[in-house]
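Trainee: take a look and give me a structure for this.
(chains A, B, C and D)
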There are 2 protein chains.
Amino acid sequence: MKKIQKIHLYEQVSEELQNYIQEKELKEGDKLPSVERLTEMFGVGRSSLREALRYLEANEVVRIENGKGVFVRDMDTFRFSGKIKIEVERNSLLATLDVRRALEGKAIELAAKRITPKQIKEIEACLNEYRRLKEKGESTSKIDFTFHQLVNKAAANPILESVLESFSALYNKFFDRPLGNTGLFDATYPFHFTMFEAIAAHDVRAALTEFNKLMDSLEEIIKNYEI
Amino acid sequence: MKKIQKIHLYEQVSEELQNYIQEKELKEGDKLPSVERLTEMFGVGRSSLREALRYLEANEVVRIENGKGVFVRDMDTFRFSGKIKIEVERNSLLATLDVRRALEGKAIELAAKRITPKQIKEIEACLNEYRRLKEKGESTSKIDFTFHQLVNKAAANPILESVLESFSALYNKFFDRPLGNTGLFDATYPFHFTMFEAIAAHDVRAALTEFNKLMDSLEEIIKNYEI
DNA sequence: CCCTATTCACCTATCAGACAGGTCAATCAT
DNA sequence: ATGATTGACCTGTCTGATAGGTGAATAGGG
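Mentor: Numbers count the residues shown, from 1 in each chain, chains lettered A, B, ... in the order given. Purely as a prediction, here's the structure:
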């Protein structure tokens, strides 16, 4: 019989380690003691300690470099995350679209206000490529993604950009599979150009109008699509 | 000299394991082979395998239960995540506010459309408590959070709810510390009531107007606040 | 005296073997 | 029949050994 320890050792070590970092006020790039030292400090075996480190690495708290040591990651970085149950059904798709309307709509509003001449040229080049691929009948999903990414960047709001980027992974997952070849890109194609022109002209209202048309056409496709 | 393998073993194992899950189409709760078997399958040592498992556990791909085995977690759950460098300065705060405008604005729009009588009563009770605390001069940060959460729920969009929930952790972090006692809640206080009334009356336009007033007053506070 | 190649101390990466202890079902004794 | 026991199967953890990455000190040649 031993002491009562229902919590896994690696979990305790992981917490202790985080406390250690906080107490010593370690910052980005600071080096932690070597694995050997840490095993002595916490009185655990190497394997438990390494599992704890691997766990913390997965949670982006530390960074382990071969031959160098263990380093603290930027603690001033806020990490947001969430889980969404994926159900490929109409309501989920429409719900996703609402969020896209909110986030990308704001991005477009800001982009129309703040886009620079250089960024305008970049997007113009992107749209030319879009047109080229379209005429050749090749896949436009990738260039479509790039277009929206550029607009997102033009909004000049790093936080919005980050949220939108991680969220776009969700609707790409949604729309690639079930609706991959349903004329989705055909229907939205013309709005990319009208929307760009409005943004380039710094016309917030017109840009949002075109964006809403784009979203509306997407919504129509989803509503009429037999899943 | 050996073969070129710059990638860590545990990383390779982790990927192989994910492939294995996908190929075998394993679902929530399915059991993986025992650690012993897996080491044979992948031809690696125990420690590498365990580190890989711990890594996957941290990423919520598997669940390890003592004495039972390793189990697959819900793979139909989409996990979004992102990192944001926190800098407590005016621009970051304003950038955060823009995202909040986008997400919560959409939530309010939807809530005004779809709120149920039961939810109206819940929010009403929440606001009464808000008023009570206000009059007693107690902290209203918690009840304020609850209010926004209820509105969020009334939007009846689980995906928006999830995104907003994880994101709200960010702006709580931002606003709690630097602006904790700067009359932030005083200034926004009246708008909670006007906004609620508009939502309860299913008046989308008025609700958004009130929400924008609330956001504008927040923006003013930030702009005038000497950091 | 300077530059380069070697060496060495320090670290992480990974393996294999051993023992402790949790879990569950089959089995055995009452 | 029922309740305790056992044993098969697992994960949890420790340890000693070997391999290999990294960077600074160091030795040797010009």
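
Trainee: quick one: A:L103 and B:R101 touch, right?
Mentor: No: A:L103 lies out of contact with B:R101 (CB atoms under 8 Å); the separation is 10.8 Å. Every C-beta, even on glycine, is put in place using the N, C-alpha and C of the backbone.

Trainee: any buried residues in stretch A:36-45, and which?
Mentor: Within stretch A:36-45, the residues scored as buried using 16 or more other CB atoms under 10 Å in any protein chain shown are A:L38, A:T39, A:F42, A:V44.

Trainee: mind checking how far the third one is from A:A201?
Mentor: So that's A:F42. 62 Å (CB to CB, to the nearest Å).

Trainee: could I get the full set of strands for chain A?
Mentor: A:62-65, A:69-72, A:77-85 (DSSP state E).

Trainee: least trustworthy helix or strand in chain A by mean pLDDT?
Mentor: Comparing helices and strands within chain A by mean pLDDT, DSSP states H and E singles out strand A:77-85 as the least confident, with a mean of 68.

Trainee: now for A:R73, how many residues are close by?
Mentor: 19 (other CB atoms under 10 Å in any protein chain shown).

Trainee: per-residue confidence for A:E135?
Mentor: If you check A:E135, the pLDDT there is 89.

Trainee: burial check on it, number of neighbours?
Mentor: Using other CB under 10 Å: A:E135 sits among 8 other residues.

Trainee: quick one: contacts for it?
Mentor: Shown in contact with A:E135 (CB atoms under 8 Å, 6 or more residues apart in numbering or on different chains): no residues.

Trainee: can you check A:Q18 too?
Mentor: Going by CB under 8 Å, 6+ apart, A:Q18 touches A:L56, A:V61.

Trainee: that one and chain B, how far apart?
Mentor: Separation of A:Q18 from chain B (CB to the nearest CB, to the nearest Å): 13 Å.

Trainee: from B:V204, how far off is the spatially most central residue of chain A?
Mentor: In chain A, the centroid-proximal residue (CA atoms, centre = their mean) is A:S166; its distance is 1.4 Å. Going from A:S166 to B:V204 by CB to CB gives 28 Å.

Trainee: ok, A:K24 next?
Mentor: Counting by CB to CB - A:K24 and B:V204 are separated by 52 Å.

Trainee: likewise A:K134?
Mentor: From A:K134 to B:V204 the distance is 37 Å (CB to CB).

Trainee: of the buried residues of stretch A:36-45, just say which sits nearest to DNA strand D.
Mentor: A:V44 (3.7 Å; CB to the nearest atom of the strand).

Trainee: right, and the closest one touches A:E16 too?
Mentor: No: in this structure, A:V44 is not within contact of A:E16 by CB under 8 Å, at 9.4 Å.

Trainee: touching DNA strand D at all, stretch A:16-32?
Mentor: No: between stretch A:16-32 and DNA strand D, judged by CB under 7 Å from any atom of the strand, nothing touches; the nearest distance is 11.2 Å.

Trainee: and that stretch, how far out from the chain's middle?
Mentor: 27 Å (CA atoms, centre = their mean, to the nearest Å).

Trainee: endpoints of it, how far apart?
Mentor: End-to-end distance for stretch A:16-32, by CA to CA, to the nearest Å: 13 Å.

Trainee: what are the buried residues along that stretch?
Mentor: Neighbour-count burial for stretch A:16-32 [16+ other CB under 10 Å]: A:L17, A:Q18, A:Y20, A:I21, A:L26, A:L32.

Trainee: as a markdown table, those residues with pLDDT and distance to DNA strand C would be great.
Mentor: Shown next, in a markdown table, are these (pLDDT from 0 to 100; distance: CB to the nearest atom of the strand, whole Å):
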| residue | pLDDT | distance to DNA strand C |
| --- | --- | --- |
| A:L17 | 90 | 12 |
| A:Q18 | 88 | 17 |
| A:Y20 | 91 | 14 |
| A:I21 | 89 | 14 |
| A:L26 | 84 | 14 |
| A:L32 | 92 | 7 |
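
Trainee: poorly predicted segments of chain A, please.
Mentor: A:1-6, A:75-79, A:81-89, A:174-185, A:226-227 (pLDDT under 70).

Trainee: what residues does it have near DNA strand D?
Mentor: A:8-10, A:39, A:43-49, A:51, A:65-68.

Trainee: hmm, which two among the residues you listed are most spread apart?
Mentor: A:H8 and A:G67 (28.5 Å; CB to CB).

Trainee: more neighbours: which of the two?
Mentor: A:H8 (16 against 4).

Trainee: how far off centre is stretch A:131-143?
Mentor: Counting by CA atoms, centre = their mean, stretch A:131-143 comes out at 24 Å from the chain centroid.

Trainee: quick check: buried residues in that stretch?
Mentor: A:L133, A:T140, A:S141, A:I143.

Trainee: can you redo those as TSV with distance to DNA strand C?
Mentor: Formatted as TSV, the buried residues of stretch A:131-143 follow (distance: CB to the nearest atom of the strand, whole Å):
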residue	distance to DNA strand C
A:L133	41
A:T140	40
A:S141	36
A:I143	38
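
Trainee: looks like A:L214 contacts A:F193 (just checking).
Mentor: No: assessed by CB under 8 Å, A:L214 is found out of contact with A:F193, at 10.7 Å.

Trainee: more neighbours: which of these two?
Mentor: Higher neighbour count among A:L214 and A:F193: A:L214, with 21 against 13, using other CB under 10 Å.

Trainee: and that one, how far from chain B?
Mentor: 16 Å.

Trainee: quick check: closest non-adjacent residue to that residue.
Mentor: Excluding its sequence neighbours, the residue lying closest to A:L214 (CB to CB, 6 or more residues apart in numbering or on different chains) is A:F191, at 3.9 Å.

Trainee: how many neighbours does the closest residue to A:V99 other than its chain neighbours have?
Mentor: Ranked by CB to CB, 6+ apart and with sequence neighbours excluded, the top spatial neighbour of A:V99 is B:L160, at 4.9 Å. By the measure other CB under 10 Å, the count of residues near B:L160 is 23.

Trainee: contacting residues for B:L160?
Mentor: By CB under 8 Å, 6+ apart, the contact set of B:L160 is A:A95, A:D98, A:V99, A:A102, B:L103, B:K106, B:A107, B:L110, B:N152.
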